[in-house]
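Q: coords please:
(one chain, ligands or ions: 2)
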Amino acid sequence: MAARSLSSPCTTTILLSSGRWRRTMRAAAFPFRVSCSAAAARGTVVIGLAADSGCGKTTFVRRLTSVLGAGTAAAAPPWGGNPGSNTLVVGDAATVICLDDYHSLDRAGRKERGVTALDPRANDFDLMYRQLKAIKEGRAVAKPIYNHATGLLDPPELITPPKILVVEGLHPMYDERVRGLLDFSIYLDISSDIKFAWKIQRDMAERGHSLESIKASIEARKPDFDAYIDPQKQYADAVIEVLPTRLIAAAAADDDEGKVLRVKLIMKEGVEHFAPAYLFDEGSTISWIPCGRKLSCSYPGIKLSYFPDTYLGHEVSVLEMDGKFDKLDELIYVESHLSNLSTKYYGEVTQQMLKHADFPGSNNGTGLFQTIVGLKIRDLYEQVVAERVASPPALAAVA
Ligand SMILES: Nc1ncnc2c1ncn2[C@@H]1O[C@H](COP(=O)(O)OP(=O)(O)OP(=O)(O)O)[C@@H](O)[C@H]1O
Ligand SMILES: O=C(CO)[C@H](O)[C@H](O)COP(=O)(O)O
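A: Ligands and ions are numbered 1, 2, ... in the order given. Now for the predicted structure:
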């Protein structure tokens, strides 16, 4: 097969899954030549997105890549890749890798040893660290693939350094070394009843699982979720917490299977390149019911709040939305009262929400806050690049 040039920035040194460096790639394994560009010299900005399975990582990533990739190619798997790939490449703007690819035990291996995929013993954090560090420094890596269709570890795929690398999965903030590579981190914290409702809806409707098997799987994972996944939220720069509504009495809300949600965007103070969004007046405490002439609300209405708080020992600002929008285009009324959104033009949040009105959560705080975090990440990237252009870092030595 003919060699193919990629426009993505990278050097010709590849970090292999085995941990060894290779200066050139075998054409049969990776049939393209890799070129370097100024973006590699700028370094890759790395974003971590942590959550349990079925908690909305894919949905969040779709909103984020839409914000980041505006004007470039739609998200696609790597060129010439394995059909079992979990990676998404959004032009040269961003690449999203799934940390499931660093499972060191395949499905049969986990079963044999009696460990879940959430257990650190089923994951190779040394390789994860080495490869993410290499990408961040501008080097391509041959990353393994965990194939969810077969439950096997497939041959590796080439990941070239993008401008923004999103690492999503169960453990982006678990290992201290990996955590240290993240320029920004997000945790999606879905309360157990709502997680259960989302999982049932997806796994029964789309994957043909029985209610009993879904319940059993959630129960079996719970101890490891509590031990290894949930504690990562203490490290997150932003947490999107999804809770049952307070606008309806608990019994009635239960009947509604979590269709009305109370969503909190918890934003850490003092994070470099990240200025928390706020409602009306920065640093104050606000409770606002926007329903009326400019915002249509059916039962149970909408309540927005904004307040300072402490979260797991950190100073934070919190934006909260309880309820759901009836008419998405009227969101502009709410947007116009929010500040520090990092939009490039008036109404960009509303436009993004309308563009993806069919995504889950578009009529409530999950979609709104995911969109805002996406815009903040784009802004963070632009700030980092502007700083690096003003004072370029020394290039890492290439082996
Ligand atoms: N904001 C939301 N509101 C309502 N339902 C949602 C929301 N986000 C996700 N869901 C539901 O939860 C399911 C899982 O979402 P998604 O695929 O984004 O999660 P995930 O974390 O990527 O899961 P996995 O790791 O298992 O692939 C979706 O099929 C969707 O139905
Ligand atoms: O928690 C998960 C993250 O997506 C998966 O369960 C884990 O990756 C194992 O995958 P599979 O169930 O396909 O063997």
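Q: for ligand 1, what are the nearby residues on the stretch 201-350 of the chain?
A: Neighbours of ligand 1 within the stretch 201-350 of the chain, by C-beta under 6 Å from any ligand atom: Gln201, Arg202. All C-beta atoms are positioned from the backbone trio N, CA, C, and that covers glycine.
Q: how about whatever residue of the stretch 201-350 of the chain ends up closest to ligand 2: what's its closest non-neighbour residue?
A: With C-beta to the nearest ligand atom, the shortest gap between the stretch 201-350 of the chain and ligand 2 falls at Arg221, namely 7.3 Å. Closest residue to Arg221 in three dimensions, ignoring its sequence neighbours and counting by C-beta to C-beta, 6 or more residues apart in numbering: Thr116, at 5.5 Å.
Q: packing partners of the helix or strand containing the residue of the stretch 201-350 of the chain closest to ligand 2?
A: Under DSSP states H and E, the secondary-structure element containing Arg221 is helix 211-224. Taking 3 or more C-beta pairs under 8 Å, 6 or more residues apart in numbering; DSSP states H and E as the contact definition, the neighbouring helices and strands of helix 211-224 are helix 192-205.
Q: does ligand 2 sit close to the helix it packs on?
A: No: where contact is defined by C-beta under 6 Å from any ligand atom, no part of helix 192-205 touches ligand 2; the two come within 10.7 Å at best.
Q: any buried residues in that helix, and which?
A: When neighbours are counted by 16 or more other C-beta atoms under 10 Å, the buried residues of helix 192-205 are found to be Ile194, Lys195, Phe196, Trp198, Lys199, Ile200, Asp203.
Q: ok, now which ones touch the closest residue to ligand 2 within the stretch 151-300 of the chain?
A: Among residues of the stretch 151-300 of the chain, the one nearest ligand 2 by C-beta to the nearest ligand atom turns out to be Gly151. It sits 4.8 Å away. Contact partners of Gly151, counting by C-beta atoms under 8 Å, 6 or more residues apart in numbering, are Asp106, Arg107, Ala108.
Q: specify which member of the residues you listed is nearest to ligand 1.
A: Within the set of the contacts of Gly151, Arg107 lies nearest ligand 1; the separation is 14.4 Å, counting by C-beta to the nearest ligand atom.
Q: surely the closest one touches Leu152?
A: Yes: here Arg107 lies in contact with Leu152, judged by C-beta atoms under 8 Å, at a distance of 7.4 Å.
Q: thinking again about what came up before, SS state for the residue nearest to Arg221?
A: Thr116 carries the three-state label coil when classified by DSSP: H, G, I helix; E, B strand; the rest coil.
Q: quick check: longest helix of the protein.
A: If you go by DSSP state H, the chain has its longest helix at helix 365-390.
Q: report the buried residues of it.
A: Neighbour-count burial for helix 365-390, with 16+ other C-beta under 10 Å as criterion, is recorded at 365-381, 383-384.
Q: so which bits of stretch 280-299 are buried?
A: Of the residues in stretch 280-299, those with enough neighbours to count as buried (16+ other C-beta under 10 Å) are Pro290, Leu295, Cys297.
Q: what's the answer for stretch 112-132, then?
A: Counting neighbours by 16+ other C-beta under 10 Å, one finds that the buried residues in stretch 112-132 are 115-120, 122-125, 127-132.
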